[in-house]
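Trainee: curious how this folds, go ahead:
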Amino acid sequence: MPKPCTAYAFILILLAASSSMPAIASEDITELTWDDLWVEEGLLMEDFGGWTFKSRGSLPSNFFQPPESYLTTEYNGQHVKLDGFMLPLDMDRMGVSTFLLVPYVGACVHVPPPPPNQLVLVRSQKPYQSDNMFAPVSVTGVFHTEMISTDLADVGYTLEANKIDVFDDW
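Mentor: Now for the predicted structure:
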């Protein structure tokens, strides 16, 4: 077990290192809306290896995710901010670490999922504390065009979150 003095010094070093890391200036963050991700031309599902229709168990056969969806690569690798509703996929007592960011309450659960260009898979190293399944959040992080298939829907984008805040302006 480390001596209290050593542990204290280690914590001070970590704090100094983290405060010296470059912060992302607000002017370097692109604020996206869901309309920015809804494009009329771009990459099709076939560009990512095809399409899988998501039907949810015993739900009616017309309860499918819409198949037509173009994806944009315009924001790849950029730091972005996007507001939406959290649909937790991976959570524990520490909080939610993986979730779908969706444009409206109930997406993927109560109604057919939106097309992949209206779904973002968010991963966070620091779990976000939430007791609301569809918590309104504002997520800032690095954005990528990436097709991922989940149990709920096919997703067209990912976001590596470095900041998640409650969003109250709905």
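Trainee: ok, Asp154 touching Pro114?
Mentor: No. Using C-beta atoms under 8 Å, Asp154 is not in contact with Pro114, being 10.4 Å away. Yep, even glycine has a C-beta here, placed from its N, CA and C like the rest.
Trainee: joint contacts of those two?
Mentor: Shared contacts of Asp154 and Pro114, defined by C-beta atoms under 8 Å, 6 or more residues apart in numbering, are found at Gln65.
Trainee: show residues contacting the helix or strand containing Asp165.
Mentor: Taking DSSP states H and E as the definition, one finds Asp165 inside strand 154-166. The contact list for strand 154-166, computed with C-beta under 8 Å, 6+ apart, reads 24, 37, 45, 51-52, 54, 65, 69, 71, 80, 82, 100-101, 113, 115-124, 128, 135-149.
Trainee: need phi/psi at Asp28.
Mentor: Backbone torsions for Asp28, taken as degrees, to the nearest 10, come to phi -90, psi 0.
Trainee: tally of neighbours for the nearest residue to it once chain neighbours are set aside?
Mentor: Nearest residue to Asp28, sequence neighbours excluded (C-beta to C-beta, 6 or more residues apart in numbering): His79, at 5.8 Å. For His79, the tally of surrounding residues (other C-beta atoms under 10 Å) stands at 18.
Trainee: OK, contacts around His79?
Mentor: For His79, the contact set (C-beta under 8 Å, 6+ apart) comprises Ile24, Asp28, Ile29, Thr30, Thr140, Gly141, Val142, Phe143.
Trainee: out of those, which end up buried?
Mentor: For these, a burial check counting by 16 or more other C-beta atoms under 10 Å picks out Thr140, Gly141, Val142, Phe143.
Trainee: now render those residues as JSON lines, adding secondary structure.
Mentor: Listed next are the buried ones among the contacts of His79 as JSON lines, based on DSSP: H, G, I helix; E, B strand; the rest coil:
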{"residue": "Thr140", "secondary structure": "strand"}
{"residue": "Gly141", "secondary structure": "strand"}
{"residue": "Val142", "secondary structure": "strand"}
{"residue": "Phe143", "secondary structure": "strand"}
